[in-house]
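*Asks:* here's my sequence, what's the structure:
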Amino acid sequence: MAFGFGRGKGKGQGRRLGWGGPGGVCICPSCQLKLPHEPGKPCFERFCPACGSPMTRSFGAGEFRE
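*Replies:* Numbers count the residues shown, from 1 in each chain. Next comes the predicted model:
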């Protein structure tokens, strides 16, 4: 095996900004309702109070629509 190829010796760099953290919002993919993310509770376990769809996590900035 040539030098510099193959598996690295360090920890991976994938998903640097991916999982967890206190920031972000939960957003409904159907009606776009945004709710604040609750730390310790994944957004996909929440359901939209307006339409009942499962919510997803968004890390983008934006206003909350009530």
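
*Asks:* can you report how many residues lie near Cys28?
*Replies:* Under the neighbour criterion other C-beta atoms under 10 Å, Cys28 is assigned a count of 22. Quick note: C-beta positions are derived from backbone N, CA and C, even for glycine.

*Asks:* mind listing what's buried in the helix or strand bottoming out on mean pLDDT in the chain?
*Replies:* Taking mean pLDDT, DSSP states H and E as the measure, strand 56-58 is the helix or strand of the chain with the lowest mean score, a mean of 91. Across strand 56-58, burial judged by 16 or more other C-beta atoms under 10 Å covers 57-58.

*Asks:* who does it touch, helix- and strand-wise?
*Replies:* If you count contacts as 3 or more C-beta pairs under 8 Å, 6 or more residues apart in numbering; DSSP states H and E, strand 56-58 packs onto strand 25-27.

*Asks:* quick one: His24 from Thr56, how far?
*Replies:* Just so we're on the same page, residue 24 is Gly rather than His. Counting by C-beta to C-beta, to the nearest Å, the gap from Gly24 to Thr56 is 10 Å.

*Asks:* below-threshold pLDDT in the chain: ranges please.
*Replies:* Along the chain, the parts satisfying pLDDT under 70 run over 1-22, 60-66.

*Asks:* give me the contacts around stretch 43-51.
*Replies:* 26-28, 30-31, 33, 35, 37-38, 53-57 (C-beta atoms under 8 Å, 6 or more residues apart in numbering).

*Asks:* buried residues in it, which are they?
*Replies:* 43, 46, 48.

*Asks:* among the residues you listed, which are in strands?
*Replies:* Using DSSP state E, no member of the buried residues of stretch 43-51 sits in strands.

*Asks:* in helices only, show me those residues.
*Replies:* In helices, judged by DSSP state H, none of the buried residues of stretch 43-51 are found.
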